[in-house]
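A.B. asks: this one's sequence-less:
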């Protein structure tokens, strides 16, 4: 009888803890959504009334304060950064997950360094990029110098996300492929990587988000010229840098809010495209 009473009390206590944890999760979720909605509404309310056709002029000047060159530079920066960081991050993760000896000190060291890089402030990357790419390699303030700097920033994110996605692929997939006579390299490219594609794309999306919103690192490497450069060796500002420059100048604050709206739209569109690609890959794998 006493055992049953004790068991009942433990069950009630466990249900109480579960209810408390559930309430905390709900509160955290509601607060997060409320903050997100507030930020979006704040940007839209302050920015939408100031969006005008002149903001999308091909050439920037002090009258139109066009954001179109910055938008083109942003898309160029995203493409270059992913082009540099994507293959290196993915293939590094393939080596760590598929080829490197598990539990080795070398793998632990690489993971430690990648996690350390993730926590370094962006302005430190900017100073490093200025010293390395702008000065030492004589690239000057250019989109290429900025893209290489951002590639170093997002490399650990892509590498870590890819590694986790590869570990999430069941070993039965590999064993089945080996059982049918496929080699290790063919198994990785035909079986493992396609199965891990959604997780890999998630890391790429995170990298894109950091590239689009970066300012400090680009001010030191890509510069703040408000025009579309003739090539990647020319200087140019992205949308985030453009918004920051307008705000700090104090003369075009309204246009800064309008730029924030466009930046928000660009981020949503890029995430939508990446999500559509991930869903398509999932359907192909199924």
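C.D. replies: Here it is on my side, so go on. Predicted, not measured: the structure shown is a model, and the values here were computed from it.

A.B. asks: Would you map out the domains in this structure?
C.D. replies: Per automatic domain parsing, the domain ranges recorded for the chain read 2-50, 56-285.

A.B. asks: Tell me which of these sits most buried.
C.D. replies: domain 56-285 (a mean of 18; mean count of other C-beta atoms under 10 Å). From N, CA and C alone the C-beta is placed, and that goes for glycine too.

A.B. asks: Can you tell me how far residue 200 is from residue 89?
C.D. replies: Note on residue 200: its distance to residue 89, by C-beta to C-beta, to the nearest Å, is 9 Å.

A.B. asks: shared neighbours, the two?
C.D. replies: Here residue 200 and residue 89 have 158, 162 as joint contacts, going by C-beta atoms under 8 Å, 6 or more residues apart in numbering.

A.B. asks: Ignoring the adjacent residues along the chain, who's closest to residue 233?
C.D. replies: Leaving aside its chain neighbours, residue 233 sits nearest to residue 142 (4.7 Å; criterion: C-beta to C-beta, 6 or more residues apart in numbering).

A.B. asks: what comes into contact with stretch 226-234?
C.D. replies: Against stretch 226-234 from outside (C-beta under 8 Å, 6+ apart): 58-60, 66, 69-70, 72-73, 76, 80, 139-140, 142-144, 147, 225, 235-237, 242, 245.

A.B. asks: Correction: the previous question concerned stretch 40-53.
C.D. replies: Contacts of stretch 40-53 (C-beta under 8 Å, 6+ apart): 254-255, 257-262, 264.

A.B. asks: out of the residues you listed, who's nearest residue 21?
C.D. replies: residue 264 (33.4 Å; C-beta to C-beta).

A.B. asks: Quick check: phi and psi at the closest one.
C.D. replies: Main-chain dihedrals, residue 264, degrees, to the nearest 10: phi -60, psi -40.

A.B. asks: before we move on, the earlier item: include mean pLDDT when you put the domains of the chain into TSV, please.
C.D. replies: Below are the domains of the chain laid out as TSV (pLDDT from 0 to 100):
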stretch	mean pLDDT
domain 2-50	79
domain 56-285	87
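
A.B. asks: hang on, the residue nearest to residue 233 packs against residue 235?
C.D. replies: Yes - assessed by C-beta atoms under 8 Å, residue 142 is found in contact with residue 235 at 5.9 Å.

A.B. asks: Give the residues shared as contacts by those two.
C.D. replies: In terms of C-beta under 8 Å, 6+ apart, residue 142 and residue 235 are both contacted by the residues 222-223, 229.

A.B. asks: From those, which land in helices?
C.D. replies: Among these, none falls in helices (DSSP state H).

A.B. asks: Please tabulate those in TSV, including the columns distance to residue 161.
C.D. replies: TSV is the format used below for these (distance: C-beta to C-beta, whole Å):
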residue	distance to residue 161
222	25
223	30
229	31
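
A.B. asks: Just name the closest of these to residue 270, please.
C.D. replies: Taking C-beta to C-beta as the measure, residue 270 lies nearest residue 222 of the shared contacts of residue 142 and residue 235, at 18.6 Å.

A.B. asks: separation between that closest one and residue 80?
C.D. replies: Residue 222 is 10 Å from residue 80, by C-beta to C-beta.

A.B. asks: Next, show the common contact partners of the two.
C.D. replies: With C-beta under 8 Å, 6+ apart, residue 222 and residue 80 have common neighbours 143, 147.

A.B. asks: Now do the contacts for residue 111.
C.D. replies: Residue 111 makes contact with 96, 160 under the criterion C-beta under 8 Å, 6+ apart.

A.B. asks: Go through the shared contacts of residue 142 and residue 235 and name the one nearest residue 123.
C.D. replies: Nearest member of the shared contacts of residue 142 and residue 235 to residue 123, counting by C-beta to C-beta, is residue 222, at 14.0 Å.

A.B. asks: so what's the closest one up against?
C.D. replies: With C-beta under 8 Å, 6+ apart, residue 222 has these contacts: 73, 77, 141-143, 145-147, 235-238, 241.
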